[in-house]
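Participant: Need the 3D shape of this:
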Amino acid sequence: MSRAHQFLNLVTSTMKIDPDDYSPITSTNRANSFAYALAGWLYMLRRQKNTRIQAVASIGVLILALALQIDASGLAQLVIVITIVWMAEFLNAAVEAVVNLATAELHPMAKVGKDVAAAAVLLGVVASVIVGILVLGPPVAQRLGWLNP
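Facilitator: Residues are numbered from 1 along each chain as shown. I've put the predicted structure just below:
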């Protein structure tokens with residue numbers, strides 16, 4: 001088998017896997033898929049304290065942005081970084097759940113998985129704070145009289 005053929009097999013190998021062969025539950029109904037996603041979001045709001053904090057912070061930032069009459073581009077930037085933080089938090093919780101399901105012991109690689117997933121959330125939060133300062137900082141400073149109009 002040539003190197004090119006081996007490479008092509010490697011690249012296409014994952015797409016050949018049928019999830020129905022390995023999953024006891026696979027949704028074929030789009031409404032059910034949406035309901036599962038919504039159930040996950042509600043789980044996060046109910047069971048994950050950080051998600052409730054993020055909800056309050058997200059709403060607060062968007063209200064502040066609207067009050068400051070931030071333009072559409074600035075609003076889009078804020079929505080993107082808020083979404084990135086939410087997604088990272090959701091993926092972090094998913095990784096933690098899977099690790100907890102896979103092992104009850106304190107395995108070093110379980111710690112790595114959980115810590116790296118948590119670091120992804122931290123990275124998103126740092127980026128969102130920087131974007132928030134860049135987008136909201138000047139209008140807030142101007143309103144407080146720290147900058148000349």
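
Participant: ok now the strand or helix carrying Val79, how far from the chain's centre?
Facilitator: Using DSSP states H and E, Val79 falls within helix 72-102. Helix 72-102 sits 1 Å away from the centroid of its parent chain (CA atoms, centre = their mean, to the nearest Å).

Participant: repeat for stretch 22-42
Facilitator: Relative to where its chain is centred, stretch 22-42 has its mean C-alpha point 18 Å off (CA atoms, centre = their mean).

Participant: Tell me the buried residues in that stretch?
Facilitator: By 16 or more other CB atoms under 10 Å, stretch 22-42 has no buried positions at all. From N, CA and C alone the C-beta is placed, and that goes for glycine too.

Participant: hmm, who's touching it?
Facilitator: 19-20, 90 (CB atoms under 8 Å, 6 or more residues apart in numbering).

Participant: again, only using 6 Å
Facilitator: By CB atoms under 6 Å, 6 or more residues apart in numbering, the residues outside stretch 22-42 that reach it are 19-20.

Participant: ok, and what's touching stretch 131-142?
Facilitator: 68, 74, 77-78, 81, 147.

Participant: out of these, which one sits closest to Ala120?
Facilitator: Set against Ala120, the nearest of those by CB to CB is Val81 (13.6 Å).

Participant: Run a quick neighbour tally on the nearest residue to the closest one once chain neighbours are set aside.
Facilitator: Excluding its sequence neighbours, the residue lying closest to Val81 (CB to CB, 6 or more residues apart in numbering) is Ser128, at 3.8 Å. Neighbourhood size, Ser128 [other CB atoms under 10 Å]: 24.

Participant: any idea which helix or strand comes after the helix holding Val79?
Facilitator: Heading C-terminal from helix 72-102 (DSSP H and E), you reach helix 108-143.

Participant: Any idea how far that following helix is from the middle of the chain?
Facilitator: On CA atoms, centre = their mean, the centre of helix 108-143 falls 11 Å from the chain's centre.

Participant: List the buried residues in that helix.
Facilitator: In helix 108-143, counting by 16+ other CB under 10 Å, buried: 110, 113-114, 117-118, 120-121, 124-125, 128, 131-132, 135-136, 139.

Participant: any weak-confidence spans in the chain?
Facilitator: 149 (pLDDT under 70).

Participant: mind giving me the domain ranges of it?
Facilitator: Domains of the chain are assigned by automatic domain parsing as 1-47, 49-149.

Participant: No further queries at this time; thank you.
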